[in-house]
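Visitor: got a predicted structure here, sequence first:
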Amino acid sequence: MTRRATPPFRADHVGSLLRPPALLAARDDYAAGKIDAAALAAVEDDAIRDAVRLQEDAGLQSATDGEFRREQWHSDFLYSICGIEKGALGPALPVYKKDETIEWAPNATLITGKLHIDKTIFGEHFTFLKNRVRTAVPKITIPSPSMAHFRADPPAAVYGSVEEFRSDVAAVYAAEVAGLYELGCRYLQYDDTIFAFLNDPAWRANMAGLVDTEHQHEINVAVINESLKDKPDDMAVTVHMCRGNYRSAWFSSGGYDYVAEEVFGGLRVDGLFLEYDDERSGSFEPLRFVPEGQIVVLGVMTTKTPELESKDTLKRRVEEAAKYVDIDRLCISGQCGFASTVEGNALTIDEERAKLDLLVETASEIWG
C-alpha cells in the first residue's frame, strides 16, 4: 500500500469549507448594497488564500476554494447555464437532525431556452485557485448533470422531447469539462444527491408519479457518462453521492443497495465519494459492485458535528470496507463538505481544521 500520486487521494475532502466571519459579513454588506461586487470579490480572494493554506498545512494533497464564491453548492453553477433561470421558492422541505426537524425551501428551476454555455462557468474560480496552491492539486467541484435535468420540465416550445433536453445537459457539461481542462484542471468532482436520495424508500414513495423512481438512477448514469465521453485520460473525475447537507441536517437515509449495481458498475468515472459516517449509511456490502480500477473514497468522518472520531474507529471502518474493495483502492474523507450553503454546519473553523488533521493522520497510519 502506498501514498497515491494521482486523485483521489488517501486523505481527501469533498470540497466546501466553513466561511470565515469576514466573508459572511461581506456577503451581507453586498446584499444590502453597502459594498460593490469588486469589494466582495476582494474579501473572497483573501478568504480563499487562507483556505488553501489551511488545507495544505493540514497535509491534504488536494485543495479547493472552499466554494467561498457560492451561496449554495449547486445553484450558482446551474443558474449560470444559458437557458436555465431561477424560479420562485417552492414548498419548504423537511431536513432532519438527530433531535429536531428543520426546513429548507428550494427555488424552482425554469427552462427558458436551449441550454448552452458561452464561457467556462467556473473558469475564473479555478484559475484563481490554481494560482494560489503551492503543494496541493487544485480541485474544483460542480453539481452533477443530474441536478440540472432532474425534475426540470422543459417546455414543448423549447424542447421536443426530454431526451433532447438531457442531451443538451450532457453537452453543456462536456463543454465545461473541456474548458476546465484547458485551464489546467486535472481534478474535477461532480456532486450528486439524487443517487443517494433514491436509496431512501420514503423518498421514493413521496416522488412516485413525479419521476421514474425505478429507472431515474440509470437515466442519471447515462447523462453523466455522455458528459464525460471525451474526458482526457489525465483528468480525474469523481462523483460524490450525498444524502443532503444543510446546517448539519440531512434529507434522506438508506444504504446504497437500491442503486449500487447499476450506478457503481455503470459510472465511467475515476472515483466515488460515498457517505459512510453513521447508521443511516447502511452496510459496505454494496461496494461489491465497484469495478476494478475505480477508487472509493469512504466518507467515514462526519462533517456535521465537531466531535472527533477516534482513529481506531475510522480504521475499523476501512477494514470493514476492505472486505469488498481492495484496501489499496480505498481512501477516506468527510462524509460531505463542511458548508454546502453559506450558513455552514454546526462547528468552528478550528474544529474543521482538527477534522482535516484527523483524516490526514489516520490515512498516513493506514497507507503510509
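Guide: Great, that's in hand.

Visitor: would you confirm that R204 contacts I194?
Guide: No. Applying C-beta atoms under 8 Å, one finds R204 not in contact with I194, separated by 11.2 Å. Where C-beta positions appear, they are placed from N, C-alpha and C, glycine not excepted.

Visitor: in the chain, which spans are strands?
Guide: 62-63, 82-89, 93-96, 101-104, 107-116, 137-138, 140-143, 187-192, 236-241, 271-275, 295-301, 330-334 (DSSP state E).

Visitor: given the second one, what are its sheet partners and their directions?
Guide: In this case it means strand 82-89. strand 107-116 (antiparallel) (DSSP bridges).

Visitor: list the buried residues for the strand it pairs with?
Guide: T109, L110, I111, L115 (16 or more other C-beta atoms under 10 Å).

Visitor: which of those lies closest to M147?
Guide: Taking C-beta to C-beta as the measure, M147 lies nearest T109 of the buried residues of strand 107-116, at 8.7 Å.

Visitor: ramachandran coordinates for the residue lying closest to that closest one once chain neighbours are set aside?
Guide: If the residues on either side of it in the chain are set aside, T109 comes closest to A152, at 5.0 Å by C-beta to C-beta, 6 or more residues apart in numbering. Per-residue torsions, A152: phi -70, psi 140 (degrees, to the nearest 10).

Visitor: now do the contacts for A152.
Guide: Shown in contact with A152 (C-beta atoms under 8 Å, 6 or more residues apart in numbering): I84, T109, I111, F165.

Visitor: same check, this time on H149
Guide: F165, R166, V169, V223.

Visitor: including distance to A363, could those go into TSV?
Guide: Output for these, formatted as TSV (distance: C-beta to C-beta, whole Å):
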residue	distance to A363
F165	41
R166	38
V169	35
V223	33
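
Visitor: neighbour-wise, which of those residues leads?
Guide: Highest neighbour count within the contacts of H149: V169, with 26 neighbours (other C-beta atoms under 10 Å).

Visitor: these two touch, right, it and P145?
Guide: Yes. In this structure V169 lies within contact range of P145 using C-beta under 8 Å: 5.2 Å.

Visitor: and the pLDDT at M1?
Guide: Per-residue confidence (pLDDT) for M1: 63.

Visitor: good, we can wrap up now.
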